[in-house]
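when you get a sec, could you give me coordinates for this:
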Amino acid sequence: MPSVRFQPSPAALACTLLVLLAAAVPATAAAAPQKGGGKPAAGSLTQLRGPSGCLIDRSKPSRTCKPVRALSGAAPFLGSNAIAVSPDGRNVYVASSRSDAIAIFARNARSGKLTQRSGTAGCVALKGADGCAKARGLNGPNSVAVSADGRSVYATSLISDAVTTFRRNRSTGALTQLRGAAGCIADRKASGCATGRALDGPDVVVVSPDGRNVYVGAFVGDAIATFARDGATGALTQPADTTGCTTNAPTAGCLTGLALESPEGMAISGDGASVYVASAVSNAVGVFARDPSSGALTQATDGSGCIVDSPLAGCTTGTQLEGANAVAVSADGDDVYVTSLLSNSVTSFTRATTGLLTQQAGTSACAIYVLAVGCSLARELRAPEGIAVSPDGANVYAAAFVSGAIDVFNRASDGGLMQKRTRHGCLTAGAPPGCVRGRGLLGVSSLALSPDGRFAYSAAFKSSAVGVFKRTTAARPRGKG
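Residues are numbered from 1 along each chain as shown. Okay, here's the model as predicted:
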């Protein structure tokens, strides 16, 4: 009989990861409670008071959060890039898996507050649920990205096996799906969508800084799909040759990559020259060179094209990368940071001008929940998913799914991280000693900062909520506070 590869459903994969997570994460932290507090130091986050600090799906009554539409299941477990702020700072977009929707919020640049417009301007959803505008291919959305020109918004949907394309009204922030097949590309034939390749269980979507390309990481398909973007319309076209996809195992019509089992995180350097991919099952971060003219990705096989937790031919061995999840590149392009779900860690890498990565040495190599040799200790960093670097480069923020926490790190001049020593080093849904209490943080998995770095926004699956935080931006040397 011919061999058949068993392909579990996205839901089954999520359940499997949660079981592994429960076994891997200790019930209590090894970190001692931190004393201190007082006035927040530079980089600290303070949640806005009252309903301004927390928006929640209206299906979950709350006394402290403002009810809104289309936030049920915001930022699902498979999806660490579920919230995005538009480059002009006017809007925030959230992928909500249970609502089958993208929630749209207008943002006040001065106060950081979010408001949702009434009717179809406030959200897009499958079949127009919740009074939203109708959308195709939006079953189980889990990641969202806005183009640098602010004209387009893209979303991946795990259940639809699709990437959807929306035109953004730059005045109101409202989204309109492109007509016909231009509005969505699916892994299999679907009504109203074009058919693409390497889109089985897509988990993350990113847009190149020059706006010429869109890249999608397929968690189930162990692949990266590459698309050319029309700068005028935002429409996507997948190259017909092998540059249109890269897969972990040899696949007809695609390039073959290394350490690409279940890509869940992706980031592009500000110069557009490098694409970094975090793969959860490979326990790896992949390094790809990007051709700016064609958008094609190339991965080296001499050890510089991937860093893995355990030895793998063609890759370099790193540390604390089990369940590699999300990736972020600093604005200066000098450093790359990766969250790892099963290692309960944030790992730090120095980026060369060529785009190649070297893991930091000593305790700068990683911050971890339970102290390990060679890592610094991080409080409430159980199952970190999302990660973001502040525009000024002074801080790194990590969203911890199991802890229901946002961890706050100071970024040193060499790129190394150290969690803030006082209670402002973490905000949590509960109230453990040594942390500030936050609202709407249960199952937090995605983070985004405003372009000016003055505000931070979180999206949490279990809370079906978005948190709004003011960031202290007073000038302060890196690594202090």
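
give me the number of residues near residue 242?
16 (other Cβ atoms under 10 Å). Every residue, glycine included, has its C-beta placed from N, CA and C.

just grab the bridge partners of residue 307 for me.
According to DSSP bridges, the residues that bridge with residue 307 are residue 285, residue 316.

now residue 95
As assigned using DSSP bridges, the partners bridged with residue 95 are residue 102.

report how many residues lie close to it.
Applying other Cβ under 10 Å, we find 33 other residues in the vicinity of residue 95.

quick one, what contacts it?
Listed by Cβ atoms under 8 Å, 6 or more residues apart in numbering, the contact partners of residue 95 are 74-76, 79, 82-83, 102, 141-144, 155-156, 459.

tell me where the model's unsure across the stretch 351-481 of the chain.
Within the stretch 351-481 of the chain, the stretches falling below the threshold (pLDDT under 70) are 474-481.

actually the stretch 201-350 of the chain, sorry about that
Across the stretch 201-350 of the chain (using pLDDT under 70), nothing gets flagged, so there are no ranges to list.

with the stretch 1-150 of the chain instead?
By pLDDT under 70, the low-scoring segments of the stretch 1-150 of the chain are 1-38.

among the contacts of residue 95, name the ones in strands.
83, 102, 141, 142, 143, 144, 155, 156, 459 (DSSP state E).

okay, the residues you listed in CSV with neighbour count next?
What follows is the ones in strands among the contacts of residue 95, written out as CSV (neighbours: other Cβ atoms under 10 Å):
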residue, neighbour count
83, 29
102, 27
141, 34
142, 33
143, 31
144, 29
155, 30
156, 33
459, 37
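
what about the nearest residue to residue 415 once chain neighbours are set aside, distance to residue 266?
Here the nearest residue to residue 415 in space, its sequence neighbours aside, is residue 335; by Cβ to Cβ, 6 or more residues apart in numbering that works out to 3.7 Å. In this structure, residue 335 and residue 266 are separated by 17 Å, where distance is defined by Cβ to Cβ, to the nearest Å.

just residue 397 next, same as before
Plainly put, residue 397 is 18 Å away from residue 266 if you go by Cβ to Cβ.

please apply the same query to residue 369.
24 Å.

can you check residue 209 too?
Using Cβ to Cβ, residue 209 is found at 14 Å from residue 266.

so which residues of this structure form helices?
Secondary structure of the chain (DSSP state H): helices located at 10-24.

can I get the contacts of residue 95 in TSV including distance to residue 57?
Shown next, in TSV, are these (distance: Cβ to Cβ, whole Å):
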residue	distance to residue 57
74	7
75	12
76	13
79	16
82	14
83	14
102	13
141	14
142	16
143	19
144	16
155	18
156	20
459	11
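
give the contact list for residue 157.
Contact criterion Cβ under 8 Å, 6+ apart gives 100, 137, 138, 139, 140, 141, 142, 163, 164, 202 as the residues in contact with residue 157.

per-residue pLDDT, it?
Looking at residue 157, its pLDDT is 97.

what about residue 203, neighbour count?
Count around residue 203 with other Cβ under 10 Å applied: 27.

so what's it closest to, chain neighbours aside?
Ranked by Cβ to Cβ, 6+ apart and with sequence neighbours excluded, the top spatial neighbour of residue 203 is residue 219, at 3.9 Å.

who's in contact with that neighbour?
For residue 219, counting by Cβ under 8 Å, 6+ apart, the contacting residues are 10, 13, 78, 158, 201, 202, 203, 262, 263, 264, 280.

filter those residues to the buried ones?
Those of these that meet the buried threshold are 10, 13, 78, 158, 201, 202, 203, 262, 263, 264, 280, by 16 or more other Cβ atoms under 10 Å.

separation between the third one and residue 388?
The spacing between residue 78 and residue 388, counted by Cβ to Cβ, is 19 Å.

same check on the fifth one?
In this view, residue 201 and residue 388 are 24 Å apart by Cβ to Cβ.

and what of the fourth one?
Distance of residue 158 to residue 388, given as Cβ to Cβ: 22 Å.

surely residue 342 meets residue 323?
Yes: in terms of Cβ atoms under 8 Å, residue 342 counts as a neighbour of residue 323; the distance is 3.5 Å.
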